[in-house]
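# what's the 3D shape of this:
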Amino acid sequence: MFNVYFEKRNKIERKPDWIRSKIPSGENYLFISRICRELNLHTVCEEALCPNISECWGSGTATFMILGNVCTRACRFCNVTPGNPKGIVDYDEPRRVALAVSKMNLNYIVITSVDRDDLEDGGASIFAETVKEIKKLNPNIIIELLIPDFKGNIDSLKKVAFSGAEVIGHNIETVRRLTPLVRDPRASYDQSLFVLESLKKLNPKIYTKSSIIVGFGEKEEEVIETMKDLRKAKVDFLTIGQYLRPSRRHLPVIEYVSPEKFKKYEEIGKSLGFKYVAAGPFVRSSYKAGEFFITSIIRS
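You can find the predicted model right below:
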């Protein structure tokens, strides 16, 4: 599979017309950037080179990345720095994140993290503490957590399931066949499904969310099968977006999926019973356009 994949890498390089992102700028962008620098915080928007950073930061939305910026895993699509954090934890980080959120005057915030396999609970307690601190200063805010798999540890999943966050996401990333190629060997398709299913069983009151990245060479029927697997795990919200190669050391893009195909995926997802589906070239798991709809569901 690996040899066949890399034989295709030179076939798709030039981006089509619909793949065009804006250069980050504007008053809100500079405001959020300044707050993050002042409070020594990381955003996945910057670390992962998200193409929506101009749109989201321009509207006053950001996704904070806690537990540092060094990941213990090395997925072949991700731009976050892999390495060994050596068990270092900044225990004041939850307070600073809450302070930043209050300064930004938000009503919906996404908190994610690097993988921290070097910690006994994978960092779940820091997620829970961050939620607690944010709610202390911003009691009416809706919090979405985008968590790693915590190695499937139920005790860690309990900590986030009952943290007070309204939405908890975990990304399956790709179809079953391509998981060994795309993701770190410690991540698996079935483990991701287990995490999502377990969260819902632990706390049926929360909403769960996942994301699929396309453009790795997956087939349409495989994407649909992944959507069906996520629905079997009772996932509520789904996003589907285009893989964009961060650098030459990452996996090449095999296909730029057309807007028409994304629309088809969105319609199929809705027919399968997801409460919300966002699908498009620039859609990401923490995608501001979806927050308005998700907020309306939670508020009602």
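
# what about the chain, any weak spots by pLDDT?
Applying pLDDT under 70 to the chain flags residues 1-14, 17-33, 43-62, 285-292.

# ok, which stretches of this structure are helices?
2-7, 27-38, 44-47, 53-58, 93-104, 124-137, 154-161, 179-182, 189-202, 220-232, 259-272, 288-299 (DSSP state H).

# can I get these in a markdown table with distance to residue 240 and mean neighbour count?
Every residue, glycine included, has its C-beta placed from N, CA and C. Formatted as a markdown table, these follow (distance: least, CB to CB, whole Å; neighbours: other CB atoms under 10 Å):
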| stretch | distance to residue 240 | mean neighbour count |
| --- | --- | --- |
| helix 2-7 | 20 | 10 |
| helix 27-38 | 26 | 15 |
| helix 44-47 | 18 | 22 |
| helix 53-58 | 18 | 22 |
| helix 93-104 | 28 | 20 |
| helix 124-137 | 25 | 21 |
| helix 154-161 | 24 | 21 |
| helix 179-182 | 15 | 18 |
| helix 189-202 | 15 | 19 |
| helix 220-232 | 7 | 18 |
| helix 259-272 | 5 | 16 |
| helix 288-299 | 11 | 16 |
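
# residue 282 is nearest to which of those helices?
Set against residue 282 and scored by CB to CB, the helices of the chain come closest in helix 53-58, at 8.0 Å.

# which residues touch residue 124?
147, 150, 153, 155, 156, 157, 159, 160 (CB atoms under 8 Å, 6 or more residues apart in numbering).

# same thing but 7 Å
150, 156, 159, 160 (CB atoms under 7 Å, 6 or more residues apart in numbering).

# re earlier: which one, of the helices of the chain, ends up nearest to residue 71?
The nearest among the helices of the chain, by CB to CB, is helix 44-47 at 9.1 Å.

# hmm, residue 97 and residue 137 touching each other?
No - at 10.0 Å, residue 137 does not count as touching residue 97 under the criterion of CB atoms under 7 Å.

# now stretch 152-172, how far from the centre of its chain.
14 Å (CA atoms, centre = their mean, to the nearest Å).

# mind listing what's buried along stretch 132-152?
133-135, 138, 141-150 (16 or more other CB atoms under 10 Å).

# from these, which two are the most distant?
Farthest-apart pair in these is 138 and 149; separation 27.8 Å (CB to CB).
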